[in-house]
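Peer 1: Sequence first, predicted model second:
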Amino acid sequence: MLIRIFTGLMLWAGAMFAQRLLTVDDMHKFHDVRDAQISPEGKWVAYTVSSVDVAADKSDTDVWMSSWDGKEQVRLTSSPESENAPRWSPDGQYLAFLCPYR
């Protein structure tokens, strides 16, 4: 599953930059996918996606979930703060993650 996501991102990046060479400014356009956690029953993968807002000089990380076959993706968080470290409960019914203290 992660290979499919990574391959898709690389194909997208290749198409996006096929007309010119990469520059340092292009690096902010990539999304960083990390911390994949497979649910106990194997139906879902929770992961984090980080992006950079150059104008605000800030990065943001959100928690996403994808079905095992990649047909469904669900964005679980969209706050301006960074959520991370998704973890499944042992029975797979709940997903916990860390939020910054306000």
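Peer 2: Noted; the coordinates are in hand.
Peer 1: Going along the chain, name the helices of this protein.
Peer 2: Counting by DSSP state H, residue ranges of the helices within the chain are 2-16.
Peer 1: residue ranges with poor pLDDT in it?
Peer 2: Filtered on pLDDT under 70, the chain yields the residue ranges 1-18, 102.
Peer 1: in it, which residue is closest to the centre?
Peer 2: When C-alpha atoms, centre = their mean is applied to the chain, the residue found nearest the centroid is Val49 (2.3 Å).
Peer 1: which residues sit in contact with that residue?
Peer 2: When contacts are counted by C-beta atoms under 8 Å, 6 or more residues apart in numbering, Val49 touches 31-33, 61-62, 64. (Each C-beta comes from the backbone N, C-alpha and C, glycine too.)
Peer 1: Just list whatever residues bridge to it.
Peer 2: Taking DSSP bridges, one finds Val33, Asp62 as the beta-bridge partners of Val49.
Peer 1: Now flag whichever of the contacts of Val49 is closest to Lys71.
Peer 2: Trp64 (14.1 Å; C-beta to C-beta).
Peer 1: And for that closest one, the neighbour number?
Peer 2: The number of residues packed around Trp64, counting by other C-beta atoms under 10 Å, is 18.
Peer 1: again, but for the one 3 residues further on
Peer 2: Other residues near Ser67 come to 14 when the count uses other C-beta under 10 Å.
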